[in-house]
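Asker: Fold the following, please.
(2 chains)
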Number of protein chains: 2
Amino acid sequence: MPDYKAPMRDMRFLVDEVFDFHTSYAALGATDASPDMVSAILEEGAKFCEQVLAPINRSGDEQECQFDNGVVTTPEGFKEAFALYVEGGWNGLAADPAYGGQGLPHSLGLMISEMVGASNTSWGMYPGLTHGAMSAIHAHGSEAQKQTYLTKLTEGTWTGTMCLTEAHCGTDLGIIKTRAVPQADGSYSLTGSKIFISAGEHDMSQNIVHLVLAKLPDAPAGTKGISLFIVPKFLPDPATGEAGERNGVSCGSIEHKMGIKASATCVINFDGARGFLIGELNKGLNCMFTMMNHARLGTGMQGLCLGEASFQGAIKYANERLQMRSLTGPKAPEKAADPIIVHPDVRRMLLTMKAFNQGNRALAYFTAQLLDQAHRADSAEAREEAENLLALLTPICKAFMTETGLEVTNHGMQVFGGHGFIREWGMEQLVRDCRIAPIYEGTNGIQALDLLGRKVLGSQGKLLRGFTRIVHKFCEAQAANPQFSTYVSQLSGLNKQWGELTQQIGMAAMKNPDEVGAASMDYLMFSGYVILAYLWLRMALVASDKLAAGSGDAEFYQAKLATCEFYFKRLLPRTATHLAAAQAGSDCMMSMSAESLAF
Amino acid sequence: MPDYKAPMRDMRFLVDEVFDFHTSYAALGATDASPDMVSAILEEGAKFCEQVLAPINRSGDEQECQFDNGVVTTPEGFKEAFALYVEGGWNGLAADPAYGGQGLPHSLGLMISEMVGASNTSWGMYPGLTHGAMSAIHAHGSEAQKQTYLTKLTEGTWTGTMCLTEAHCGTDLGIIKTRAVPQADGSYSLTGSKIFISAGEHDMSQNIVHLVLAKLPDAPAGTKGISLFIVPKFLPDPATGEAGERNGVSCGSIEHKMGIKASATCVINFDGARGFLIGELNKGLNCMFTMMNHARLGTGMQGLCLGEASFQGAIKYANERLQMRSLTGPKAPEKAADPIIVHPDVRRMLLTMKAFNQGNRALAYFTAQLLDQAHRADSAEAREEAENLLALLTPICKAFMTETGLEVTNHGMQVFGGHGFIREWGMEQLVRDCRIAPIYEGTNGIQALDLLGRKVLGSQGKLLRGFTRIVHKFCEAQAANPQFSTYVSQLSGLNKQWGELTQQIGMAAMKNPDEVGAASMDYLMFSGYVILAYLWLRMALVASDKLAAGSGDAEFYQAKLATCEFYFKRLLPRTATHLAAAQAGSDCMMSMSAESLAF
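Answerer: Below you'll find the model as predicted:
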């Protein structure tokens, strides 16, 4: 198992030097998040992840969660780690102080969750789902619901879930069958079965708060008839507020999966369970989107997390493993062979990993800064600007970061050769754990449709222009910078193509809506590569300035410049392929009958 | 678990219509392989794979091989299936009649092994390794060794292995430590430990014949001091020829792997084991290459096999799973939702799978026909021509077919959404089983170096020109064909770029050998896409002719034309990215120090 060390230098580079979180924290009134405090929190978080979570990652995969007659037992150490996490105050870090949280910026919470996910993705699912439930209750719950549930979720004695999927529907929530029948006391009686419920049942908390999508008997058909309910495993005791009577909720079984085996993926059965409406009737999907946007960003982060873990394993191995001589003559003549890091093709894999990880981290932190702005900015304009950029970036974060994260973990495994396939080395687990990320929280295909259909074309290009304008201004400002002129003109050209491609698809889609679905995935990937190019260039500019100013740490900044060069030369050309594919039209996909396709 | 049905229609299309195996069989004197006989063999083989091997594929993955004190037990049904396989005469199908084989063409053996690998990749490893050992003994063994070992391996009572890798070396065989000390009787005493030995120990045969690379005490350093030895688990009884006294060979443990879990991957210890030199002293690597070329083609096939199995699962699911409505209006208004095959992005995945599978099958059969020619052609020129093309195509088959096969299995899993991640559906197993293929038998990075460094540049471009000339002639012949003019000119242009790219890299490599390693992987993938374009166009031409002739089966041929169009429009553009990356040079990869790379 690769040891995990939080990439503090790179995190600080983004926080302090590239995005200057301190200024934005101050401007947003997040005065508790002083530079010293941020630094202390990151260091303590790193310690917790490195020392508590990383050591139980491999064993968790081998032990898996166990199911026995409705009871789920998590692997050794998981429960204890959660207790330490709660005790350390990590669970309520970014939560509302009105309900027991520490009120620190969401971006800081995201940095902690990066370290959690990189050291133990399965374990991270439990607090991750809880945070999703917290955000939904915070946004849509009544004051009484917040007092009852949010307080407990924030203190970490209770955990949360989101219950959407049923056996016959995942993407298509309009056809769910779970029913909620109104009761005389204003509560609802829920009956139905949900599948794929992460953290649906486990032994880590006193109570589990399910947020459940269901339909009233007379609800309108489709997604317009979906409501959201709070359904606790144990009903809160009215007197004490503690977990009381057992509700009609039970875990029917857990799934046997390819990866994240220590995360309990449950079938949850509701048999006349008592539930409480959250938000408005038939507006459940809107409420759930609060949770899903949170979860989508979190899922995107898993691509980064597992990519980072894989890189740390691969770079260590590449420096230690001796195999063959460098093509340009022995580099370690005193040894039986050279370390494999001398071989260009091994470097190709390592640099691809590095460029994606650090680019994806920049994308995540850029997005997290917008999250802070959306939550805390004084002016409605500033909040709306941030919301619009978030709407555009969320599906890209989810899909691009998980597609590239999966590629990264596969490279990491490949660097290990045959040993990469052996479980004890831990590299193949990262691939398996990562493989779910392009699927859940809305498949990447769905993200692509959300991006192109709903966000970009649905806003007549407005949401896209909100971002391309940023890139355009950046390129204009750097046009006279001789050091980066090639890259700036490459980025500027792609930024222009992005808009043109959008117009082309938009025009074609007016005649044939299938053109959107035919182009969407390649459109999303094209978008992701352009965004990372912009972010890599911003990082390179900072690195270059620091080097010019002689501010020390020269090797770190030179590595940034070299990785940026690698990104532009070896990865950004993928835009050509995505562009061509996105422009290829739907005919060559739709003309064949379903029967012919099977031949 | 997806049911496996051998893709007989597509196999026959290639055998009968595209490559006309019957004419080449007749020309090569393979008179036993009459059209009727070939047809009967394929049908019987399909039946065996569908009915015997496919049903024990999922259970094999769950049960894994078990190790207890040197004894390896294969999963339920594996042993019985092997007995049936031997009984059915499948093991000796393409083997030399002089040693009990049926002497049928190698291409026919490859078609059977495609069906075996697609229905149960893990199981296929046991006969697969045996066939590799048979080809090495056939090519390099003495007559006595052939009588003793080849006869038993052909009849399937004994099985074979190849023992190359040691803990400290896989790619770099020059540094192996296993020692072979000459004995007075002409045999050798072998001591050392080998790892990753597929089929190294199991319960399916009476004896296991290890082919072991080792060094004599006074052997020259590096690969020039490696010899190959036959080391049987049980020494043949001189009187009866049957397995006799136990040799000093034992299985120390088996690996716990990501996939192919029912294939025993063993640590094999040699403790003064008696071994017999095969071929010349210190020429062991040459002998092993006979086996490795066989194994490399076989590994490439695994990409096709698992891709085919995945496609069969995905197409069925896409027709059955109801989710959302088509963007162009309901297609199954009587149902709660449309089958997901109506969605363009699902079709993008399915067509990518189909285009790679059928393209890779064409590549495999094209190569198999060359294999027959190399083995059987009358004239030395014809044999050499085939050998040269095989030398070029083998690393491409191995690496391109496994890279794209892995992509295909990942698409297949993605089509299933969340269910794809659940083990019982069987789709994720295909990804795990496929993930080893880009690694073993020489990582794909090594294949790429072999292709570009050894084969293409090492022959001053001669081996490449042997293929580009075929493409060039084909394009010239089709230049006036209006139906395919766009594709022909696309192929022709790429074929020219292939040569130019080779020259560019060759020139750059004269100054800096690292340029080869920097470009090699993208060069190989570029090559693979061009070759598949050529083969897709050949298939499309046949389909078009058949349609024009009104020879029935119109839907099959129309599907070929549509898939060809998809390949050219949506997959072939990837060449642009590989070209740009291969031309990017080594500087952006090699300039960073190993320390800086780790930042």
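Asker: Could you use CA atoms for every contact and neighbour count after this?
Answerer: Fine.
Asker: does A:S193 really touch A:H168, like I thought?
Answerer: No - judged on Cα atoms under 8 Å, A:S193 makes no contact with A:H168 at a distance of 10.5 Å.
Asker: out of these two, which sits in the more crowded spot?
Answerer: The residue with more neighbours, out of A:S193 and A:H168, is A:S193; 23 against 16, by other Cα atoms under 10 Å in any protein chain shown.
Asker: where's that one, which helix or strand?
Answerer: Take DSSP states H and E as the rule and A:S193 turns out to sit in strand A:188-198.
Asker: Next SSE downstream of that strand?
Answerer: Using DSSP H and E, the helix or strand that follows strand A:188-198 towards the C-terminus is strand A:207-214.
Asker: so what strands line up beside that next one?
Answerer: Its sheet considered, strand A:207-214 pairs with strand A:158-163 (parallel), strand A:227-232 (antiparallel) by DSSP bridges.
Asker: so which of those strands gets nearest B:T157?
Answerer: In terms of Cα to Cα, the element of the strands paired with strand A:207-214 nearest to B:T157 is strand A:158-163, at 55.3 Å.
Asker: ok and that closest one relative to strand A:188-198, angle-wise?
Answerer: Interaxial angle of strand A:158-163 relative to strand A:188-198 (axes from the mean of the first three to the mean of the last three Cα atoms, to 10 degrees): 90 degrees.
Asker: Tell me the first helix or strand C-terminal of strand A:158-163.
Answerer: Per DSSP H and E, strand A:158-163 leads on to strand A:179-182 as the next helix or strand towards the C-terminus.
Asker: Quick one: list the elements packing against that next one.
Answerer: Judged by 3 or more Cα pairs under 8 Å, 6 or more residues apart in numbering or on different chains; DSSP states H and E, the packing partners of strand A:179-182 are strand A:188-198.
Asker: per-residue confidence averaged over the strand it packs on?
Answerer: Here strand A:188-198 scores 98 as its mean pLDDT.
Asker: Paired strands for that strand, with orientation please.
Answerer: The partner list of strand A:188-198 in its sheet, established with DSSP bridges, is strand A:179-182 (antiparallel), strand A:265-278 (antiparallel).
Asker: which residues touch A:V249?
Answerer: With contacts defined as Cα atoms under 8 Å, 6 or more residues apart in numbering or on different chains, A:V249 is in contact with A:232-233, A:268-271, A:273.
Asker: With adjacent residues omitted, what lies nearest to A:K194?
Answerer: Distances taken as Cα to Cα, 6 or more residues apart in numbering or on different chains put A:E166 closest to A:K194, at 4.7 Å, once the chain neighbours are dropped.
Asker: Let me see the contact set for that neighbour.
Answerer: Counting by Cα under 8 Å, 6+ apart, A:E166 has contacts A:176-177, A:193-196.
Asker: Just the buried ones among those residues, please.
Answerer: By neighbour count, with 16 or more other Cα atoms under 10 Å in any protein chain shown, the contacts of A:E166 hold A:176-177, A:193-196 as buried.
Asker: what about stretch A:356-374, distance to the chain center?
Answerer: In terms of Cα atoms, centre = their mean, to the nearest Å, the gap separating the centre of stretch A:356-374 from the centre of its chain is 11 Å.
Asker: before we move on, what about stretch A:298-313?
Answerer: Centroid displacement of stretch A:298-313 relative to its chain, using Cα atoms, centre = their mean, is 10 Å.
Asker: Give me the pLDDT for A:A519.
Answerer: The model reports A:A519 with a pLDDT of 98.
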